[in-house]
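Trainee: I'll drop the sequence and a predicted model, then ask my questions.
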Amino acid sequence: MNVPKPAAGMLPNDRLAYSAIPTRRPLKLPKGARMAVWTVTNVEDWDPTQTMPRTVLTPPAGGSPMPDIPNWCWHEYGNRVGFWRLLQVYDEFKIPGVMNINGVAVEAYPDIVKACVERNWEFVGHGYTQRNMQKVANERADMRKSAEVLEKATGKRPRGWLGPGLTETWETPDILAEEGYDYVADWVLDDQPVWLKTRGRPILNIPYTQECNDVAMMLIQHHKANEFYERAMDQFEQIHKDAKGSGRVMAISVHPYIMGAPHRVKYFRKIFEKIRKKRDVLFWTGSQIADWYSKVGPKPV
Amino acid sequence: MGGPMIPKERADYSAIVDRRPLRLPGGARIVFWTIVNYEVWDIGKPMARQLLPAPTGVPLMPDVVHWGFHEYGMRVGCWRFHELFRRLGVQPTLAANARICEDYARVAAAARDDGWEFMGHAYEQGPIHKETDQAGMINRTMDIMEKFCGKRPVGWLGPGLTQTLETPDLLAAAGVKYIGDWVYDDEPTVIRTTHGPLVTLPYTIECNDIPVMIIQHHNSDYLLQLVKDQFDRLYAESEKRAKFCALAIHPYISGQPHRIKYLEAIYDYVNGHEGVLHWNGAQILEWYQPIAQQQMKAAE
């Protein structure tokens, strides 16, 4: 198939060559661990003057009314109440937190940022607003502004990036590398990190998840709340088994307005109750995974 | 900025962990708030929800199938609710289109005579954004209910919880004291309007048979599981601060023969716990209003 080259940026296969996981040199995790789990919490700010990114209740006879107060409130609940339930779980099981956060949310929810800073969480850039990166007027300015807001609020520049809804343009990895980001998580194509070529220095992609993700399971596929636990455990057991001989990474991704609802949070907690005790599993942040792979993994081509 | 307030201008962000706990009277821990929703689906308009899309998927008018789907609730399903709530001595909130007082006087009278709380819920079912005279519709709704019940409702729920930015101002002007449209907290809150403060009560679009059964297409028994999970968590948290567990039901959904037993089982489960109050919205408001006034004074 002849695919026209984009005017700026690269096609995926120009950034990384196909590679089959069993043919790679084994990766060793420290202390004889088989796998690393990173848990990502996504905090967003939904602008009440825009169409809501997701809805739980459609209006009578359909359509998308503006404003959409019920669905704005449904999301806001996560930041007023739900987040604090997730935090209890992370505290109970001593899980190092990773916060994917919109730049505007850093300003809108200082209490959440403060609680995470106190716990030394890693903050990951997640767009200045919750908007498709293809619709952002200036991608570079958005990434830069996101980093600046995070640096101001947390004292540290973010090293990682996840696009809102994992959206990218053809050029996203190039600009991220130029803007000083060390890793990205938008490329959900492997159980191990991979290097992506850019027009400048390479950028690392670390395994994120659209499957063990509450947006997909609860909002799109409409599963019962316990499916989040069931699927996470199935995913965990298989990756643990596969990781015999070479380290792998598992991601879990949640949103306070979804898994922080009273009727769902126990299924989230149960995952850690089960897996936190495993001695051969590391609970890491994205940066820890990136640093490990940069050290022990193959060097970028 | 001109024009009506956006949500964040009506209420500041507030983290629940930063607030002083609310306490219920008599050592009670949690309020179970039941909201029954009665609607009028006008055959001359598109039906509010659809179970069976027409062949080829194109919405057709008239939509007799879904008119009938809803009508079943008013003819049959709602009487299953009455039987349940009479047996339990529960007087739920009735979020009803005012037109039920005209089109279904038999049903409205039964709710009134059983002591249910009437809550304004528009004149008929349809998004409030399409109202040409919203203030007029709100007043008409409140007036019809006041005339029918002998007292003006204190609560309001938008149809499908819909609001425009000015709705809270219009509601406060019409004498509404609380709304259920803001499902953004576990506790009552106070929001700003051009006609003074308005209370929000923690209604629910999670424990609600429309999203769970009609939008998400879960099995009938899942509403029971979901409410149990919701209640368990809130009940555990209610050791430290008052909690509210709302449940919203519709006679054409939960009043179906294959679903009613799961609704009944919800109440069996909840009533197996100590310290549960079955309050309607007016009762929650009566308890909360003096607390809200104190808080507002303290904030001045």
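Mentor: Received, thanks.
Trainee: Can you name the residues of the stretch 101-250 of chain B sitting close to chain A?
Mentor: For the stretch 101-250 of chain B, the contact set with chain A under Cβ under 8 Å from any Cβ of the partner chain comprises B:125-129, B:158-165, B:167, B:181-186, B:205-208, B:210-211, B:215-218, B:222, B:225-227, B:229-230, B:232-234, B:237. For every residue, glycine as well, the C-beta is placed using N, CA and C.
Trainee: Emit the ChimeraX select command for whichever of these are buried.
Mentor: This is the ChimeraX syntax for the buried subset of those, where burial follows 16 or more other Cβ atoms under 10 Å in any protein chain shown:
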select /B:125,126,127,128,129,158,159,160,161,162,163,164,165,167,181,182,183,184,185,186,205,206,207,208,210,211,215,216,218,222,225,226,227,229,230,232,233,234,237
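Trainee: which stretches of chain A form helices?
Mentor: A:12-15, A:69-77, A:83-92, A:103-108, A:110-118, A:139-154, A:172-178, A:214, A:226-242, A:256-259, A:265-275, A:286-296 (DSSP state H).
Trainee: now the ones you listed in JSON lines, with mean neighbour count?
Mentor: Listed next are the helices of chain A as JSON lines, based on neighbours: other Cβ atoms under 10 Å in any protein chain shown:
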{"stretch": "helix A:12-15", "mean neighbour count": "14"}
{"stretch": "helix A:69-77", "mean neighbour count": "26"}
{"stretch": "helix A:83-92", "mean neighbour count": "19"}
{"stretch": "helix A:103-108", "mean neighbour count": "20"}
{"stretch": "helix A:110-118", "mean neighbour count": "17"}
{"stretch": "helix A:139-154", "mean neighbour count": "19"}
{"stretch": "helix A:172-178", "mean neighbour count": "23"}
{"stretch": "helix A:214", "mean neighbour count": "26"}
{"stretch": "helix A:226-242", "mean neighbour count": "16"}
{"stretch": "helix A:256-259", "mean neighbour count": "27"}
{"stretch": "helix A:265-275", "mean neighbour count": "19"}
{"stretch": "helix A:286-296", "mean neighbour count": "19"}
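Trainee: Of all those helices, which one comes closest to residue B:141?
Mentor: helix A:69-77 (18.0 Å; Cβ to Cβ).
Trainee: How about residue A:78, nearest residue that isn't a chain neighbour?
Mentor: Setting aside the residues directly before and after it, residue A:78 is nearest to residue A:257 in space (Cβ to Cβ, 6 or more residues apart in numbering or on different chains), at 2.8 Å.
Trainee: can you tell me which residues contact residue 45?
Mentor: All of this is about chain A. A:102, A:104-105, A:108-109, A:129-130 (Cβ atoms under 8 Å, 6 or more residues apart in numbering or on different chains).
Trainee: Chain B, not that one
Mentor: Neighbours of residue B:45 in contact, by Cβ under 8 Å, 6+ apart: A:61, B:61, B:126.
Trainee: which secondary structure element contains it?
Mentor: Under DSSP states H and E, no helix or strand contains residue B:45.
Trainee: Could you check how far it is from residue B:133?
Mentor: From residue B:45 over to residue B:133 the distance is 17 Å, taken as Cβ to Cβ, to the nearest Å.
Trainee: next one: residue A:290
Mentor: Distance from residue A:290 to residue B:133, by Cβ to Cβ: 59 Å.
Trainee: likewise residue A:281?
Mentor: 62 Å.
Trainee: the more surrounded of the two?
Mentor: residue A:281 (20 against 9; other Cβ atoms under 10 Å in any protein chain shown).
Trainee: now that one, which residues is it bridged with?
Mentor: residue A:35 (DSSP bridges).
Trainee: What does the pLDDT read for residue 295?
Mentor: You didn't pick a chain, so chain A it is. Residue A:295 is assigned 97 on the pLDDT scale.
Trainee: that's the wrong chain, I wanted chain B
Mentor: So, for residue B:295, pLDDT stands at 76.
Trainee: Please report the distance of the nearest residue to it once chain neighbours are set aside from chain A.
Mentor: Nearest residue to residue B:295, sequence neighbours excluded (Cβ to Cβ, 6+ apart): residue B:190, at 7.1 Å. Between residue B:190 and chain A the computed distance is 14 Å (Cβ to the nearest Cβ, to the nearest Å).
Trainee: just residue B:11 next, same as before
Mentor: Residue B:11 is 9 Å from chain A, by Cβ to the nearest Cβ.
Trainee: ok, which stretches of the stretch 151-300 of chain B are strands?
Mentor: Applying DSSP state E, counting those that start in this stretch to the stretch 151-300 of chain B gives strands spanning B:155-156, B:178-179, B:189-191, B:198-200, B:243-249, B:276-277.
Trainee: closest one to residue B:94 among those?
Mentor: strand B:155-156 (9.8 Å).
Trainee: so what does the closest one touch, helix or strand wise?
Mentor: The contact analysis (3 or more Cβ pairs under 8 Å, 6 or more residues apart in numbering or on different chains; DSSP states H and E) places strand B:155-156 against strand B:117-120, strand B:178-179, helix B:281-299.
Trainee: and among these, the most buried is which?
Mentor: strand B:117-120 (a mean of 28; mean count of other Cβ atoms under 10 Å in any protein chain shown).
Trainee: What residues sit buried inside the very next helix or strand once past that strand?
Mentor: Following strand B:117-120 in sequence order, the next helix or strand is helix B:134-149 (DSSP H and E). Buried residues in helix B:134-149, counted by 16+ other Cβ under 10 Å: B:134, B:137-142, B:144-146, B:148-149.
Trainee: Relative to the whole chain's centre, how far out is helix B:134-149?
Mentor: 17 Å (Cα atoms, centre = their mean, to the nearest Å).
Trainee: Touching it from outside, list them.
Mentor: B:96-99, B:101-102, B:108, B:112, B:118, B:120-123, B:128, B:131, B:152-153, B:156, B:164, B:166-167, B:170-171, B:173-176.
Trainee: out of those, which are inside helices?
Mentor: B:101-102, B:108, B:112, B:167, B:170-171, B:173.
Trainee: I'd guessed residue B:28 sits against residue B:276; true?
Mentor: Yes. Between residue B:28 and residue B:276 there is a contact at 7.2 Å, judged by Cβ atoms under 8 Å.
Trainee: between those two, who's got more neighbours?
Mentor: residue B:276 (18 against 15).
Trainee: I'd say that one and residue B:26 touch.
Mentor: No. Counting by Cβ under 8 Å, residue B:26 is not a contact partner of residue B:276; they are 11.5 Å apart.
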